[in-house]
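Q: Quick one, structure for this:
(chains A and B)
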Amino acid sequence: MHFDLGGSAGVSGIGQKLRELPSASAAPIRWDEFKRRQLLRRSRARSAQRRRIKLAAAVATVMVGAIGSWSRLPSPKTILAERATAPVMPTELRLAPVAWDEAAARSAASERWLAALPEEPVIVRVGTRAAVTNLEDRIAWVDDTLTSIRAEGGEGARAFALQHERDRLINSLAQVRYAETLAADLP
Amino acid sequence: MAKLVQIGVGTDLVAQACRGDQHAQSAIYATVAPATFALVQRLVGSGAYAEDLFQDTMMTFYERLSSYRAEAPLGAWLRQIAVSKCLMYLRSPWHRARLQLDAGWQEGSLHADFNLSSQPAATAESLDVERALASLSVTARAVVWLFEVEGYSHDEIGRAFGRTASFSKSQLARAHRRLRAWFEPSVEPPACTSI
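A: Here you go, the predicted structure:
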């Protein structure tokens, strides 16, 4: 199959007809209106950029804070080792059940908020995803250890330390996930 | 009125506009805007999109004006920006989705975007040519306009569409066949040679 090029006279006639069409049309907007829209668009672009910078700074601050506090936490193994060698806390000096309940309530509130989030954020960022995965792994490890301790009937200082550690991990996770949510809302 | 590619502006005026002189910018606008809008309308049809693209083109033009080196007429430089904006729009997924939505239109009917009454200075003589042009698909219309009127080569058109020169040639051949059938309805265009 090939295209018929025989009618070259017709083709050139068509080209001529097209070239004779008017080459100007009244501009849809006058200069004043164009200038006004141009300024409006520039100011919108500037404010959007400022908003993005502020949001990025906020996200970076939250992430740095979360990662910093997370990295300062001793590992659960270290805590357990320290607790194992530490003298047993006298019963009367242990934290009151109210404090225990408060820590658990705080942790439960963070967990409820985390549960309401989707499994994966809208935009997956490698940096935060690695931190989230790491925190989730550590929480799972603490949960396993707590379950074993409770199964053995131990509810003492080790369990309390682990519960406290879990609370801190959950809060760190909540902060990182919150940062992810903010980042996903960026325009 | 001269075509956009032929419009030149004095270097003094351009220099003043670059320095932010409002009068100079306004004078340049008055000189180039009508031909720019006409070109945008030829490439994408009439309607709100043409106005948006025109505005976008002019804003980019003023933003980049300081980089204009006067190696070609200012109109030719502006034409590059306008054509690039229009083709970017024609290639956008949003535009392709709109075409699918408009698929209800019969083949050969005037394109929804193409309002003859709003075409550049429609006169009785040009109306028939406008109608013929409007019967083409958006892509074919852009190709035929760029080749026949703006003087683009097949290579340039193919590159601008992100395709090959063959794409431009086949679009142009089909458009010519359709336009010939429009202007000479009694002549059956033998499209292909049967084997």
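
Q: Any regions of chain B where pLDDT drops low?
A: Counting by pLDDT under 70, chain B contains low-confidence ranges at B:1, B:98-125, B:185-195.

Q: Not counting sequence-adjacent ones, nearest residue to the residue nearest the centre of chain B?
A: In chain B, the C-alpha nearest the mean C-alpha coordinate belongs to B:Leu43, at 2.9 Å (C-alpha atoms, centre = their mean). Distance criterion C-beta to C-beta, 6 or more residues apart in numbering or on different chains; nearest residue to B:Leu43, sequence neighbours excluded, is B:Cys86 at 4.1 Å. In short, each C-beta sits where N, CA and C put it, glycine included.

Q: now the lengthiest helix in chain B, how far from the centre of its chain.
A: Criterion DSSP state H: the longest helix present in chain B is helix B:22-44. Helix B:22-44 has its average C-alpha position 13 Å from the chain's average C-alpha position, going by C-alpha atoms, centre = their mean, to the nearest Å.

Q: Would you mark the buried spots in it?
A: Across helix B:22-44, burial judged by 16 or more other C-beta atoms under 10 Å in any protein chain shown covers B:24-29, B:31-44.

Q: Next: stretch B:51-62.
A: Neighbour-count burial for stretch B:51-62, counted by 16+ other C-beta under 10 Å, picks out B:Glu51, B:Leu53, B:Phe54, B:Gln55, B:Asp56, B:Thr57, B:Met58, B:Met59, B:Phe61, B:Tyr62.

Q: any chance of these in TSV, with secondary structure too?
A: Formatted as TSV, the buried residues of stretch B:51-62 follow (DSSP: H, G, I helix; E, B strand; the rest coil):
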residue	secondary structure
B:Glu51	helix
B:Leu53	helix
B:Phe54	helix
B:Gln55	helix
B:Asp56	helix
B:Thr57	helix
B:Met58	helix
B:Met59	helix
B:Phe61	helix
B:Tyr62	helix
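
Q: and those residues near chain A, which?
A: Residues of the buried residues of stretch B:51-62 in contact with chain A (C-beta under 8 Å from any C-beta of the partner chain): B:Glu51, B:Phe54, B:Gln55, B:Met58, B:Met59, B:Tyr62.

Q: quick one: the strands in chain A?
A: For chain A, applying DSSP state E gives no strands.

Q: so where's it uncertain?
A: In the predicted model, chain A carries pLDDT under 70 at residues A:1-12, A:73-77, A:79-80, A:82-104, A:106, A:119-127, A:154-155, A:184-187.

Q: follow-up on the earlier one: who does the longest helix of chain B touch, helix- and strand-wise?
A: Where contact means 3 or more C-beta pairs under 8 Å, 6 or more residues apart in numbering or on different chains; DSSP states H and E, helix B:22-44 is packed against helix A:31-72, helix B:11-18, helix B:48-64, helix B:74-91, helix B:138-148.

Q: how does it look with 6 Å?
A: helix B:11-18, helix B:48-64, helix B:74-91 (3 or more C-beta pairs under 6 Å, 6 or more residues apart in numbering or on different chains; DSSP states H and E).

Q: List the contacts of it.
A: Helix B:22-44 is contacted by residues A:23-25, A:27, A:31, B:4, B:7, B:9, B:13, B:16-17, B:50, B:53-54, B:78, B:82, B:86, B:120, B:142, B:145 when judged by C-beta atoms under 6 Å, 6 or more residues apart in numbering or on different chains.

Q: Tally up the residues packed near residue 13, please.
A: The chain I'm using is chain A. A:Gly13 is flanked by 15 other residues according to other C-beta atoms under 10 Å in any protein chain shown.

Q: Not quite, go with chain B.
A: The local packing of B:Leu13 (other C-beta under 10 Å) involves 17 other residues.

Q: How much space separates the residue nearest to it when sequence neighbours are not counted from A:Ser110?
A: In this structure, B:Leu13 finds its nearest non-sequential neighbour in B:Ala24, 5.1 Å apart by C-beta to C-beta, 6+ apart. Distance check for B:Ala24 against A:Ser110: by C-beta to C-beta, to the nearest Å, it reads 61 Å.

Q: mind checking how far the helix or strand that contains B:Arg159 is from the chain centre?
A: Under the criterion of DSSP states H and E, B:Arg159 resides in helix B:154-160. Centre-to-centre, helix B:154-160 and its host chain are 14 Å apart (C-alpha atoms, centre = their mean).

Q: and what of stretch B:50-66?
A: Put simply, stretch B:50-66 sits 15 Å off its chain's centre (C-alpha atoms, centre = their mean).

Q: Kindly format the C-alpha coordinates of it as CSV.
A: Taking Å, rounded to 0.1, in the frame of the first residue of the first chain, the C-alpha atoms of stretch B:50-66 are listed here in CSV:
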residue,chain,number,x,y,z
ALA,B,50,-6.9,27.8,23.3
GLU,B,51,-7.2,30.8,25.6
ASP,B,52,-5.3,29.0,28.4
LEU,B,53,-2.6,27.9,26.1
PHE,B,54,-2.3,31.4,24.7
GLN,B,55,-1.9,32.9,28.2
ASP,B,56,0.6,30.2,29.1
THR,B,57,2.5,30.9,25.9
MET,B,58,2.7,34.6,26.5
MET,B,59,3.7,34.2,30.1
THR,B,60,6.5,31.9,29.2
PHE,B,61,7.5,34.4,26.4
TYR,B,62,7.9,37.2,28.9
GLU,B,63,9.7,35.0,31.4
ARG,B,64,12.2,34.0,28.8
LEU,B,65,12.5,37.2,26.8
SER,B,66,15.8,38.1,28.4
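
Q: Before I go, just wanted to say thanks for your time.
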